[in-house]
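Peer 1: sharing a sequence plus its predicted fold:
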Amino acid sequence: MSILITGGTGYIGSHTCVDFIKKGLDVIILDNLSNSRAEVVDYIEQITGIRPKFYHTDLLDREGTKKVFDENDIESVIHFAGLKAVGESVLKPVEYYRNNIVGTLNLIDEMRAHNCFKIVFSSSATVYGKPKTVPIKEDFPLSTTNPYGTTKLFIERILEDLCVADDRFSVALLRYFNPIGAHESGLIGDDPNGIPNNLMPYITRVAKGVLPHLNVFGNDYETRDGTGVRDYIHVIDLAAGHYSALKCLEEKGVHIYNLGTGRGYSVLEIIEAFERVNNVKIPYIIAPRRAGDIAECYADPSKAAYELGWKAELGLDDMCRSAWKFEQLNTRK
Ligand SMILES: NC(=O)c1ccc[n+]([C@@H]2O[C@H](COP(=O)([O-])OP(=O)(O)OC[C@H]3O[C@@H](n4cnc5c(N)ncnc54)[C@H](O)[C@@H]3O)[C@@H](O)[C@H]2O)c1
């Protein structure tokens with residue numbers, strides 16, 4: 001029996017593949033390479049000694065998706081594939097809804113047709129909208145501030161409705177906070193196309209001289225130093241969270257977990273740590289606040305600790321060191 005990893009050549013997907021292969025699971029990757037590179041499969045092989053089967057397939061391609069299920073005995077799916085840039089989603093909402101939601105519906109159709117009823121879905125802390133308090137618990141009210149977030153919330157609802165209608169399904173909704181860092185080999189990491197939307201890949205490209213400086217969006221928030229505070233989690237810990245989540249799929253129905261550390265760092269604290277650990281300078285300027293940004297966002301991860309026995313272990317220095325190692329080795333053109 002195999003596990004299908006959609007979006008498996010992407011940032012979090014590739015680290016999850018490595019984690020699963022090392023733990024002895026048989027992994028199959030489906031990815032359309034819209035935001036990742038085929039070489040990632042080589043790197044996964046280099047790290048683990050095992051080459052996962054790879055399908056260069058788009059979830060919008062129904063025939064292609066069906067073929068992946070026809071040719072394999074897939075027991076469960078870890079569903080990472082999706083577009084994830086908040087700003088782009090505001091400019092291209094239809095493309096985001098089609099890719100993320102229709103892609104998921106096609107996936108569910110093939111799962112049902114092939115008697116596969118277990119799915120882990122990559123959701124996001126963005127479904128909490130503007131939380132009134134922190135730390136955020138799973139039962140906080142849900143809302144969204146942009147089309148990307150709305151795709152995450154809709155897909156959560158679709159999977160919940162599916163479980164009500166079909167009691168063979170078990171679903172894990174994992175709400176990630178802010179994954180950063182990379183595998184210790186430096187071979188795989190966060191490598192978005194174009195100008196990065198997230199803080200750490202932006203910082204590493206400034207450190208490398210690819211981008212001139214970092215924009216810090218707002219320094220007048222009600223936080224320790226005025227800059228936004230987020231819950232940064234090492235991607236290695238996040239990947240391991242998926243392995244832990246496989247356990248809860250033994251029980252039918254919907255299971256929801258925050259995957260974060262429970263601790264927030266400000267943008268200036270991240271810059272300071274990156275500079276200190278890697279001995280490089282990150283020039284930055286203070287820019288106006290970005291629409292929709294909130295002051296503080298960090299998880300209460302105790303439910304995952306209690307029910308899954310999962311806890312983030314790695315610290316900020318490790319996140320900064322590994323992210324910089326990945327950037328230095330990266331051969332992106
Ligand atoms: N990175 C984060 O900060 C973060 C936070 C919360 C949630 N998430 C979610 O986690 C998942 C993985 O994120 P990531 O950071 O690894 O992103 P990523 O862009 O690196 O990986 C996503 C992968 O999905 C592929 N893909 C996109 N649309 C596809 C389609 N229609 N068919 C097949 N493949 C497709 C892309 O080529 C890419 O390799 C996404 O769903 C994202 O929304 C990410």
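Peer 2: That came in fine, so what should we check first? For clarity, every value in this text was computed on a predicted model and none was experimentally measured.

Peer 1: and the stretch 151-300 of the chain, which residues reach the ligand?
Peer 2: Taking C-beta under 6 Å from any ligand atom, the part of the stretch 151-300 of the chain that reaches the ligand is made up of Y176, N178, P179, N198. No exception for glycine: its C-beta is placed from N, CA and C like everyone else's.

Peer 1: and which of those is nearest to the ligand?
Peer 2: Each of those was checked against the ligand using C-beta to the nearest ligand atom; the closest is Y176, at 3.8 Å.

Peer 1: which SS state does L268 fall under?
Peer 2: L268 falls in the helix class when you classify it by DSSP: H, G, I helix; E, B strand; the rest coil.

Peer 1: name every strand pairing with the strand or helix carrying L173 and say which way it goes.
Peer 2: Under DSSP states H and E, the secondary-structure element containing L173 is strand 170-176. Here the strand partners of strand 170-176, with direction, are listed using DSSP bridges: strand 118-124 (parallel), strand 253-259 (parallel).

Peer 1: the chain: strands as residue ranges?
Peer 2: Assigned by DSSP state E, the strands in the chain fall at 2-6, 27-31, 53-56, 74-79, 118-124, 170-176, 178-180, 214-217, 229-230, 232-234, 253-259, 265-266, 284-287, 296-297.

Peer 1: which secondary structure elements does the first one contact?
Peer 2: Just to be clear, that refers to strand 2-6. Applying 3 or more C-beta pairs under 8 Å, 6 or more residues apart in numbering; DSSP states H and E, we find strand 2-6 packed against helix 11-22, strand 27-31, strand 74-79.

Peer 1: so who does the residue of the stretch 1-150 of the chain found nearest the ligand touch?
Peer 2: Closest approach between the stretch 1-150 of the chain and the ligand, counting by C-beta to the nearest ligand atom: G10, at 2.0 Å. Shown in contact with G10 (C-beta atoms under 8 Å, 6 or more residues apart in numbering): D31, N35, S36, F80, A81.

Peer 1: any chance of the helices and strands packed on strand 2-6 in TSV, with mean pLDDT and distance to H56 too?
Peer 2: Below are the helices and strands packed on strand 2-6 laid out as TSV (pLDDT from 0 to 100; distance: least, C-beta to C-beta, whole Å):
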stretch	mean pLDDT	distance to H56
helix 11-22	98	14
strand 27-31	98	7
strand 74-79	98	17
